[in-house]
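Undergrad: here are the coordinates; sequence isn't available:
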């Protein structure tokens, strides 16, 4: 059985690439998407989900240069979850995406000096 997940969201921090021993390049980055809804009391609720992403390639070592914080991307790949203990000793979980395809949907929005905080 094979499952593929498609995510559309915004890139977090700058992507980082490194070359592995066999010449393959792995680019790592994070993506977030926010869901909003109204609860039973008609109050707006919001939840942001983050994914740690890894993209392996032979032919695109410069892909990290295009993956800038705030850019909107569409990713397809395989999701996995892992449990770990954080630096405070508490149980935590991480969502990971092994990326098969990246599509840049929109570049990061340009901020002006009057912009306040995240959008």
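TA: In hand now; what should we look at? Worth saying up front: this structure is predicted, and the values here are computed from it rather than measured. Residues are numbered from 1 along each chain as shown.
Undergrad: residue 89 falls within a helix, correct?
TA: No - according to DSSP: H, G, I helix; E, B strand; the rest coil, residue 89 belongs to no helix; its state is coil.
Undergrad: tell me the phi and psi of it?
TA: Here is the backbone geometry of residue 89 (degrees, to the nearest 10): phi 90, psi 10.
Undergrad: for residue 66, same thing?
TA: Here residue 66 shows phi and psi, under degrees, to the nearest 10, equal to phi -90, psi -10.
Undergrad: quick one: the closest residue in space to it that isn't next to it in sequence and residue 93, what's the gap?
TA: For residue 66, ignoring the flanking residues on the chain, the nearest one in space by Cβ to Cβ, 6 or more residues apart in numbering is residue 104 at 6.1 Å. All C-beta atoms are positioned from the backbone trio N, CA, C, and that covers glycine. Per Cβ to Cβ, to the nearest Å, residue 104 is found 28 Å from residue 93.
Undergrad: neighbour-wise, which of those two wins?
TA: Between residue 104 and residue 93, counted using other Cβ atoms under 10 Å, the more crowded position is residue 104 (14 against 8).
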